[in-house]
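1. Quick one, structure for this:
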Amino acid sequence: MRLSLANGYAFADFSFANALTSYIGCKLTIIDSVGKKAVGYIKAAGTGETLGSELRTGWNNQTWAEYETLDTTGSTINSAINTSGYGGACSNELGIVLGMLLKMRFNAALSSGTMPCLLLSETSTGGGQITYGTYPTSRPSAGANTVYASAETAALYAYFSNDTGVASNFAMSGVTLTQVLTPSATGVTIVSSLDGKIRNWTSIEAGFNYNDTAGYTYEIEGIMRKLILDRIKTRMETIRTTAGYNTNLGSNVAHWRLSPWEASNLPALSIRDATNEIAPDAFGKNENKAVVELIADCSNGKTTIDQAYQIIRDIYTALALEDATTVLNGLAREMNQIGEEIDMDQQEQTIARVIIRIEVLYDTARWAL
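-> Here you go, the predicted structure:
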């Protein structure tokens, strides 16, 4: 999990699809391995990782723990050699903000001995390291490396270090260290309130682990029923002949439309969640069974009934895509057909109404919607 906890840059990115992006508007709680929490509201899905300017400007050989040879050119460590004592190559102090998500990339080459540890440290002597596991056992691999870490302090140094007496002859090229400004498409931006504008977390509990190697859990609170209806509506809007369907039903789709559709807008679809049955489970949550009605109107002259059948086929084809892997993008446990009705009316023109009913099974906390 990648967390940006800095004010103005808040986001969460689990790095796998659909974990968070289906829950726009919901309350997100990230919980570290000892129960400390960071809380915020999901504002929008990420559109692609963007990076700030370069933070690292050079490398210094530490006077208390010098490499016997340290040859650098700009961002590149051409050669760092250590045979006895400690060895440490330290960057400049990085101008950062508490909670900022950092991304460091580099290519490591080992000529002999042991690869150094990479530390992002609170001091120029390598103390208080926050990433790449436990010193001195966690070391980058030869070749390309990418490391993410959230800044736990407003003063940090990048540091390649070897323990005392550990022989090493290595080089590092293509070294960049930047702030991650926005999440990838698998992440979401975070705001402090439901209608918030500024990307801050609502609260970060004292002692929350910004880089928990033991992992995190998370909870999402929101109006699940509306999220499910929004997901179905979005899928129905894809019903277009240009997408391989039989009709253009997706051109006019509404949630709980009460007024009749204009004839010029047909075919058209209204979606409503008519009923919901609730039963408590054994784990303190509610099992919900919502009945959703998809009400389509169409008019196509003498072939109106044929278009009604095509609409039924199109709706079921679209719903099947939401039932193929994770049901409704993970919002529900199960989705089932109940049945359909067709009714015909002849006034100024022949109009057919199709009503398709499905049931959606999903879980919520007690007293939640």
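
2. all contacts plus neighbour counts: C-alpha atoms, from now on.
-> Noted.

3. is it true that R240 touches N252?
-> No. R240 is beyond contact range of N252, at 10.6 Å (criterion: Cα atoms under 8 Å).

4. CA-only coordinates of stretch 148-164 in PDB, if you can.
-> The C-alpha coordinates for stretch 148-164 follow below in PDB (Å, rounded to 0.1, in the frame of the first residue of the first chain):
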ATOM      1  CA  TYR A 148       8.300   4.000  -2.000                       C
ATOM      2  CA  ALA A 149       8.200   5.400   1.500                       C
ATOM      3  CA  SER A 150       6.100   8.000   3.500                       C
ATOM      4  CA  ALA A 151       8.200  10.600   5.300                       C
ATOM      5  CA  GLU A 152       7.900  10.200   9.000                       C
ATOM      6  CA  THR A 153       9.800  13.500   9.700                       C
ATOM      7  CA  ALA A 154      10.400  16.800   7.900                       C
ATOM      8  CA  ALA A 155      14.100  16.200   7.700                       C
ATOM      9  CA  LEU A 156      15.300  13.100   5.700                       C
ATOM     10  CA  TYR A 157      18.500  11.900   4.000                       C
ATOM     11  CA  ALA A 158      19.000   9.200   1.500                       C
ATOM     12  CA  TYR A 159      21.800   6.900   2.600                       C
ATOM     13  CA  PHE A 160      23.600   3.900   1.100                       C
ATOM     14  CA  SER A 161      25.400   2.300   4.000                       C
ATOM     15  CA  ASN A 162      27.400  -0.800   4.900                       C
ATOM     16  CA  ASP A 163      27.900  -2.200   8.400                       C
ATOM     17  CA  THR A 164      31.400  -2.300   9.900                       C
END
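
5. Which positions within that stretch qualify as buried?
-> 148-152, 155-163 (16 or more other Cα atoms under 10 Å).

6. Then stretch 212-225?
-> Buried-residue list, stretch 212-225, by 16+ other Cα under 10 Å: 212, 216, 220-222, 224-225.

7. how far does it stretch from start to finish?
-> 33 Å (Cα to Cα, to the nearest Å).

8. Check which element follows whichever strand or helix holds M335 along the chain.
-> Using DSSP states H and E, M335 sits in strand 334-346. Following strand 334-346 in sequence order, the next helix or strand is strand 350-365 (DSSP H and E).

9. what's in contact with that next one?
-> Residues from elsewhere that reach strand 350-365 (Cα atoms under 8 Å, 6 or more residues apart in numbering): 224, 284-302, 304-305, 308, 311-312, 331-345.

10. got a list of what the most centrally placed residue in the chain touches?
-> Among the residues of the chain, G187 comes closest to the average C-alpha position under Cα atoms, centre = their mean, at 2.5 Å. Contact partners of G187, counting by Cα under 8 Å, 6+ apart, are 11-15, 20-21, 45-46.

11. run the last query once more with 6 Å
-> 12-13, 46 (Cα atoms under 6 Å, 6 or more residues apart in numbering).

12. Spatially nearest residue to it (excluding sequence neighbours)?
-> Spatial nearest neighbour of G187, excluding adjacent residues (Cα to Cα, 6 or more residues apart in numbering): D13 at 3.8 Å.

13. A12 too?
-> L3 (4.8 Å).

14. Paired strands for whichever strand or helix holds the one you found, with orientation please.
-> Using DSSP H and E, L3 sits in strand 2-4. As defined by DSSP bridges, the strand partners of strand 2-4 come to strand 11-13 (antiparallel).
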